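Enquirer: sharing a sequence plus its predicted fold:
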Amino acid sequence: MIVLNAKKNLIRNTGRQLFYTGPAISIFAAVMIVPFVYGIYLTFFKWDGIASEMPFVGMANYLDVFRDEAFWKSMALTLRYVVVSVLLINGIGFMLSYLLVTWMKRQNFLRASFFAPSLIGGLVLGFLWQFIFHNFFVKIGDQFGWELFSKSWLGNEKMAFWALVVVTVWHYAGYMMVIFIAGLMNVPKDIMEAATIDGAGKWKQLLRMILPLMVPSFIVTIFLSLQRSFMVYDLNFALTEGGPYGSTVMTSMHVFDKAFRSYNYGLGQAEAFVLFLIVAIITITQVYFSKKMEVEH
């Protein structure tokens, strides 16, 4: 009797959970899991996206990934872009949050102002900054004689990369700032008051106390900025379209071009899966070592 009642309760609880979570799980599976699994399936075939036949090629597409020099060139550029962007996004985001919490007045207005760029979509953001680089900055350079802005950065193979970095930092720094503000608000006040009484200055408090206590916030912001920097496509397309002369083709753009413009779906999916593995390894490693740096309070 007890076993029968336990089974009935298990069935009843499972039914309730499926009733509430079933629709969300179904949508997630249809939108994320099924396409992901099907994408891995395509990596073992040679297909142009049109033909009815899909010849099985086994691991040939993965071998071609390692032979594709353009893919690894775009990966090297992406890694450079990620390192610079992540450092600047988190550094500027934390600086803004610290200044807002400790120094600046009218915080709500400034928070909203700094956060607003993160609400703009990547395509709109790219076209907006394309106009700024082509017109606004060039006019300022001509008027004041500043050689740095005398020509559009987007037409220069070296400066186009930095144009992407500038726009990326402008886009995400305010978003990370909000996460840092939440972390700063949770720093125990009694600890800071005790440090002040002991004679610790603002700089020493920041380095020795605030930053160690902010590690959980940095784990989140670095994870988000890593993921978004690695997967950048819309901003890359709208701002530079990979130019000039292919100097700003990030990995996501290269993968898209390989699959949908070169009509090589198998190789494109294989390169996308390799990119996924690289991002997963880097982010998991980042979270693992960051967790070890957490300080209990």
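Expert: Cool, the structure landed.

Enquirer: just after the helix or strand hosting Pro212, pick out the following helix or strand.
Expert: Under the criterion DSSP states H and E, the helix or strand holding Pro212 is helix 211-213. With elements assigned by DSSP H and E, the helix or strand that comes after helix 211-213 is helix 215-230.

Enquirer: on the C-terminal side of the helix or strand bottoming out on mean pLDDT in the chain, identify the next helix or strand.
Expert: Among the secondary structure pieces of the chain, namely its helices and strands, helix 2-28 has the lowest mean (mean pLDDT, DSSP states H and E), a mean of 70. Tracing the chain past helix 2-28, the next element assigned as helix or strand by DSSP H and E is helix 34-42.

Enquirer: averaged pLDDT, that next one. What do you get?
Expert: The average of the pLDDT scores along helix 34-42 is 90.

Enquirer: try stretch 270-282
Expert: Along stretch 270-282, the predicted local confidence has a mean pLDDT of 94.

Enquirer: that one: which residues count as buried?
Expert: Of the residues in stretch 270-282, those with enough neighbours to count as buried (16 or more other CB atoms under 10 Å) are Ala270, Glu271, Ala272, Phe273, Val274, Leu275, Val279, Ile282. Every C-beta, even on glycine, is put in place using the N, C-alpha and C of the backbone.

Enquirer: what helix or strand is Arg111 located in?
Expert: Applying DSSP H and E, one finds Arg111 within helix 107-115.

Enquirer: that helix - contacts with which helices or strands?
Expert: Packing contacts for helix 107-115, counted by 3 or more CB pairs under 8 Å, 6 or more residues apart in numbering; DSSP states H and E, involve helix 69-102, helix 159-185.

Enquirer: what's the most buried one of the ones you listed?
Expert: The highest average neighbour count among the helices and strands packed on helix 107-115, using mean count of other CB atoms under 10 Å, belongs to helix 159-185 at a mean of 21.

Enquirer: that one: what's the following helix or strand?
Expert: Helices and strands here follow DSSP H and E; after helix 159-185, the next one along the chain is helix 189-197.

Enquirer: next SSE downstream of that following helix?
Expert: Beyond helix 189-197 in the direction of the C-terminus, DSSP H and E gives the next helix or strand as helix 202-205.
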